[in-house]
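Student: Could you look at this predicted model? Sequence included:
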Amino acid sequence: MGTSRSSKRETRWVAGVRLFSGRPDPAWTVPSRIAKRLIERWESLPPFSGTPPSPAALGYRGSFLRDGGGRQWLAFGGVVTLESKNKTESREDTGGVWEKLLLATAPKGTLPRSFLKND
């Protein structure tokens, strides 16, 4: 008896933070429905012109959202940058709202409380 396999796979979304701490960067899976909301929110952000801010050499260096297709959104310092095979595009994240929403998807205990505080 044969089994059928769906040729349509759901995208696997992974989020995490980039830290310089001597330990692996924390990462976690994000449900597709939440990832889609983050993407819709990103699309509504105004374009950012200029060079995105550079993180310090030590400590928190930003957060990321990755899909299974080679796209990655990097958030740091009020800017969210989409990197894909063909392009790089940055959007303004006033107040770090997008970044905070992404960090809030982390399972309890994954990140230090300081990452989840409301500034």
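Tutor: Now that the structure is in, tell me what you want to look at.
Student: And the strands in the chain, which stretches?
Tutor: Along the chain, counting by DSSP state E, strands occupy 13-20, 27-30, 59-66, 72-76, 79-83, 88-92.
Student: would TSV of the ones you listed with mean neighbour count be doable?
Tutor: Using the backbone N, CA and C atoms, a C-beta is placed for each residue, glycine as well. Formatted as TSV, the strands of the chain follow (neighbours: other C-beta atoms under 10 Å):
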stretch	mean neighbour count
strand 13-20	19
strand 27-30	16
strand 59-66	20
strand 72-76	22
strand 79-83	21
strand 88-92	15
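Student: And those strands: which comes nearest Ser49?
Tutor: When the strands of the chain are compared by C-beta to C-beta, strand 88-92 sits nearest Ser49, at 8.1 Å.
Student: which regions of the chain sit below the pLDDT cut-off?
Tutor: 1-10, 113-119 (pLDDT under 70).
Student: And the helices in the protein, which stretches?
Tutor: For the chain, the helices defined by DSSP state H cover 32-44, 97-103.
Student: for those helices, which one sits closest to Ser90?
Tutor: It's helix 32-44; of these, that one is closest to Ser90 (C-beta to C-beta) at 10.4 Å.
Student: Spit out the contact partners of Leu74.
Tutor: By C-beta atoms under 8 Å, 6 or more residues apart in numbering, the contact list for Leu74 reads Gly62, Ser63, Phe64, Val80, Thr81, Glu83.
Student: Go again with 10 Å.
Tutor: Residues in contact with Leu74 (C-beta atoms under 10 Å, 6 or more residues apart in numbering) are 18, 52, 55, 61-66, 80-83, 88, 90, 99.
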